[in-house]
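**Student:** predicted model and sequence follow; I will ask about them next.
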Amino acid sequence: MAKLYFYYSSMNAGKSTILLQSSYNYQEMGMKTMLFTAALDDRYGDPRISSRIGLEAEANLYGRDDDLFAQIRAQHEAEVIACVLVDEAQFLTRAQVDQLTDVADYLSIPVIAYGLRTDFQGELFPGSERLLAIADEMREVKTICRCGKKATMVLRLDESGKAVRDGEQVVIGGNNRYVSACRAHWKEQMAD
């Protein structure tokens, strides 16, 4: 039975690297994968998934109105898909997460989604909330805070390196805008 997996973490834990390695493992065995990433994350220009250590692969972009089940089914009918891998899964809608369960349940294709659990204010992203509620299996990808403890939170930084406390939930950025922190250092930075 195929399953929906959710790999979650804070920023810079290596989620995209793990996704790309998983895809490579399937392809090395002669199996086709289908990769997705959020259209709203346009930092890399082309539709691709890129990791900080230099790995990258072409990907399909998804937007809020896209029917992922229909896209995957059409591709699967043309060429058998062994696994679907989704990067930036926090940006999925509730309906899209449910579509991914349909991919696992009705097309018998495993789906592995990778994303942030919470935003810079410690609130769940809608896609992550639904994945935490409905995924068959969840795994935390660990990274560390500057103090060496496990980082579970994300800090959004302004131009001077100070923590941002308010604002829109989604502001695209990388290491220059976000850092991972343990809960104690997150609280400290958010209180300053």
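**Tutor:** Looks like it arrived, so ask away.

**Student:** drop to CA atoms for contacts and neighbour counts, all remaining ones
**Tutor:** Noted.

**Student:** so what strands line up beside the helix or strand bottoming out on mean pLDDT in the chain?
**Tutor:** Ranked by mean pLDDT, DSSP states H and E, the helix or strand of the chain with the weakest confidence is strand 48-50, at a mean of 72. Strands adjacent to strand 48-50 in the sheet, as given by DSSP bridges, are strand 56-58 (antiparallel).

**Student:** so which bits of the partner strand are buried?
**Tutor:** residue 56 (16 or more other C-alpha atoms under 10 Å).

**Student:** just give the number of residues close to residue 182.
**Tutor:** Residues lying near residue 182 (other C-alpha atoms under 10 Å) number 22.

**Student:** what sits closest to it if chain neighbours are left out?
**Tutor:** residue 151 (4.1 Å; C-alpha to C-alpha, 6 or more residues apart in numbering).

**Student:** how near is the one you found to residue 88?
**Tutor:** 18 Å (C-alpha to C-alpha, to the nearest Å).

**Student:** ok, these two, which is more surrounded?
**Tutor:** Using other C-alpha under 10 Å, the more surrounded residue of residue 151 and residue 88 is residue 151, with 25 against 22.

**Student:** thought residue 142 was touching the more buried one, still the case?
**Tutor:** Yes - assessed by C-alpha atoms under 8 Å, residue 151 is found in contact with residue 142 at 7.2 Å.

**Student:** so the most centrally placed residue in the chain is in which element?
**Tutor:** For the chain, the residue lying nearest the average C-alpha position, counting by C-alpha atoms, centre = their mean, turns out to be residue 115 (2.4 Å). Residue 115 is located in strand 111-116, with elements delineated by DSSP states H and E.

**Student:** show me what that strand is packed against.
**Tutor:** strand 4-9, helix 15-28, strand 81-86, helix 94-106 (3 or more C-alpha pairs under 8 Å, 6 or more residues apart in numbering; DSSP states H and E).

**Student:** so what's the residue count around residue 6?
**Tutor:** Neighbour tally, residue 6, other C-alpha under 10 Å: 25.

**Student:** please apply the same query to the one 5 residues further on.
**Tutor:** Look at residue 11: counted by other C-alpha under 10 Å, it has 27 neighbours.

**Student:** dig out what the residue nearest to residue 182 forms beta bridges with.
**Tutor:** Residues in beta-bridge contact with residue 151 (DSSP bridges): residue 143.

**Student:** for the residue nearest to the centre of the chain, list the residues it contacts.
**Tutor:** 6, 7, 8, 9, 15, 87, 88, 89, 90, 128 (C-alpha atoms under 8 Å, 6 or more residues apart in numbering).

**Student:** beta-bridge partners for it, please?
**Tutor:** residue 8.

**Student:** can you give me the pLDDT of it?
**Tutor:** For residue 115, the pLDDT comes out at 95.

**Student:** circling back to that earlier point, would you reformat the helices and strands packed on strand 111-116 as JSON lines and include distance to residue 62?
**Tutor:** Below are these laid out as JSON lines (distance: least, C-alpha to C-alpha, whole Å):
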{"stretch": "strand 4-9", "distance to residue 62": "17"}
{"stretch": "helix 15-28", "distance to residue 62": "16"}
{"stretch": "strand 81-86", "distance to residue 62": "9"}
{"stretch": "helix 94-106", "distance to residue 62": "10"}
